[in-house]
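Chemist: here's my sequence, what's the structure:
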Amino acid sequence: MFSIHTETMEILLFIYGLSFFVLGIAVLFSQSKESEYSFANKIWLLGAFAVSHAFEDWISLLTYLHPHEKFIVLGYVQSFILLISYISIFEFSRFIIRKSFVTAQLQKHIVYKIYYPPIIYTLSTMVLLFLIFLHPTTSGINAAIRYTFGFWGIFILAGGLYYYGDSLSKSQNLEKLKLYFKISGIAFAFYGLFSAIIVDKTSYFPGNIINTETFLDTFHIPVQVFRTICAVIISIASIKTLQIFRYELIAKLDASYKKIKKFSANASHQIKTPLTAMRLQIYVALKKNKEIDEYRKTLGSIDKEIVSLQDMINNLLLLTRIQDLNIRENFIKVELDTILLEIFEEYSIIAKNRGVTLDIDALDSLKIKGEPTLLKILLSNLIDNAIKFTPKGKKVTISLNKSKFTVLDEGIGIPRDKLSAIFDKFYRVNAPSEENIEGYGLGLSMVKQIVQIHRAKTDIQSEVGKGTKMSISF
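Modeler: Residues are numbered from 1 along each chain as shown. Below is the predicted model of the structure:
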């Protein structure tokens, strides 16, 4: 039987454990939750796997250094740590694979259903207990853990990582992420082979034929060499991915600073204008005696400005509130068609007073998870905007077709070069002096925030002089 130098094995086991330990610490202390990618919220599971796997490997190193010592209790501790390690990677792989099934049609697939937690964990635990029953020793327990949670967790994760990058939306770092995912996926596939298939010898198949001893006799290289290489590659690729999260965070902070600066300047201007107007009216009114009716007219104008200011401040506060992603935690089932019908009845009167026709083209039944008040604001703002910018005698048509809400108007339209800016706070396509249209340019900014928090998609098409079509897909 082929043997290997003790010093070489010690170095291999140490590097193997160190690679995973560094990876685990890097993951657990990363700020990945700030990332726009959903998998980043679960990447701590990869960190838990890496750290616990490092300690499990270092226990193996200890028993290798002292082969004549009987570490009975330590052996069971090692098995427990190995179980925690592989359950962590198993849960991470389960999350990745189910996230890859993005459409309702794909979610009917048998793989998606099997990976539902109660089903997959029941099946895995039953197989684990059966294998332990066949070989009830510490090495048998470790092999059982590797065959169940280890093998399926790592191999499904390998495939999930390899293809997961293709399902991500476009971003500045998408191509790099795809590359790192593919590298990690391939490395995890080989790691699963070397770590979860080639185990210590067992009394049942395949461990009685394919194990660490037969591998060493066949290839004259211990399997730990390949495990170590895979561990190093996985660690490097994963840490590179974490760097992208850090770059994202820096970019977001920079963008947020610029937005705050721009917002402060715009808000200051928008608040100063009505305050200046009110102060001027008060100054004129106090300068000389007037009739009561004139004072009433002045106070009425000031009251109107105060109401507008209150509306703007309320909208600003709402914009701040809906940026809190925790709102999603309180989502409930909402009948969007019922909300739309209520809004239609309200805005039919407003449209009629403006000389605009408001019609419903389609009203399909649609239930979604969301926040009712925000959804009402979303639909109301789009309809209100369409009516405001549609001349008398023209028409606004709304529809709820399957999962898409659409507002089509025959209004003034939006120039192509200004379409990308209409969702900015305080942005107005036409200045109030050019169009007799009230508002502060906050409506569409709220629409954008509400759409994002409900993970919907926006599509806008417009032609100057002909009208605008705005669609929201839920």
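Chemist: what segments of this protein are strands?
Modeler: Assigned by DSSP state E, the strands in the chain fall at 332-335, 357-363, 367-370, 395-401, 404-409, 457-463, 467-473.
Chemist: could you dump these into TSV and include mean neighbour count?
Modeler: Placement of C-beta: from N, CA and C, glycine included. As requested, the strands of the chain are exported to TSV (neighbours: other CB atoms under 10 Å):
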stretch	mean neighbour count
strand 332-335	13
strand 357-363	15
strand 367-370	16
strand 395-401	20
strand 404-409	21
strand 457-463	14
strand 467-473	20
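Chemist: nearest to residue 81, out of the ones you listed?
Modeler: strand 367-370 (38.4 Å; CB to CB).
Chemist: now do the closest one: which elements does it pack against?
Modeler: Applying 3 or more CB pairs under 8 Å, 6 or more residues apart in numbering; DSSP states H and E, one finds that strand 367-370 contacts strand 332-335, helix 336-353.
Chemist: picking that back up, can you list the strands of the chain in TSV and add distance to residue 350?
Modeler: Formatted as TSV, the strands of the chain follow (distance: least, CB to CB, whole Å):
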stretch	distance to residue 350
strand 332-335	23
strand 357-363	8
strand 367-370	24
strand 395-401	11
strand 404-409	14
strand 457-463	22
strand 467-473	18
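Chemist: so which of the ones you listed gets nearest residue 234?
Modeler: Closest to residue 234 of those, according to CB to CB: strand 457-463, at 34.3 Å.
Chemist: show residues contacting stretch 79-86.
Modeler: 48-49, 52-53, 55-56, 59, 138, 141-142, 145-146, 148-150, 153-154, 196 (CB atoms under 8 Å, 6 or more residues apart in numbering).
Chemist: inside helices: which ones of those?
Modeler: Secondary structure from DSSP state H places 48-49, 52-53, 55-56, 59, 138, 141-142, 145, 153-154 of these in helices.
Chemist: tabulate those residues (a markdown table), appending neighbour count.
Modeler: Below are those laid out as a markdown table (neighbours: other CB under 10 Å):
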| residue | neighbour count |
| --- | --- |
| 48 | 20 |
| 49 | 27 |
| 52 | 23 |
| 53 | 27 |
| 55 | 19 |
| 56 | 23 |
| 59 | 20 |
| 138 | 16 |
| 141 | 21 |
| 142 | 23 |
| 145 | 25 |
| 153 | 26 |
| 154 | 25 |
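Chemist: which of these sits closest to residue 385?
Modeler: Of these, the one sitting nearest to residue 385 (CB to CB) turns out to be residue 48, at 47.9 Å.
Chemist: once you drop chain neighbours, what's closest to the closest one?
Modeler: Closest residue to residue 48 apart from its sequence neighbours, by CB to CB, 6 or more residues apart in numbering: residue 88 at 4.1 Å.
Chemist: and the one you found, how far from residue 339?
Modeler: Separation of residue 88 from residue 339 (CB to CB, to the nearest Å) stands at 42 Å.
Chemist: now residue 408
Modeler: Counting by CB to CB, the gap from residue 408 to residue 339 is 19 Å.
Chemist: ok, now residue 72?
Modeler: To residue 339, residue 72 is 65 Å away according to CB to CB.
Chemist: one more: residue 61?
Modeler: According to CB to CB, residue 61 stands 62 Å off from residue 339.
Chemist: check residue 107 too.
Modeler: Residue 107 is 26 Å from residue 339, where distance means CB to CB.
Chemist: higher neighbour count, those two?
Modeler: residue 339 (20 against 11; other CB atoms under 10 Å).
Chemist: of all pairs in the ones in helices among the contacts of stretch 79-86, which one spans the longest distance?
Modeler: 48 and 138 (22.4 Å).
Chemist: OK, contacts around residue 152?
Modeler: 90, 93, 124.
Chemist: make JSON lines from those and add distance to residue 118 and pLDDT to it.
Modeler: Listed next are the contacts of residue 152 as JSON lines, based on distance: CB to CB, whole Å; pLDDT from 0 to 100:
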{"residue": "90", "distance to residue 118": "14", "pLDDT": "90"}
{"residue": "93", "distance to residue 118": "17", "pLDDT": "84"}
{"residue": "124", "distance to residue 118": "11", "pLDDT": "90"}
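Chemist: and residue 224, what does it touch?
Modeler: 9, 12, 13, 16.
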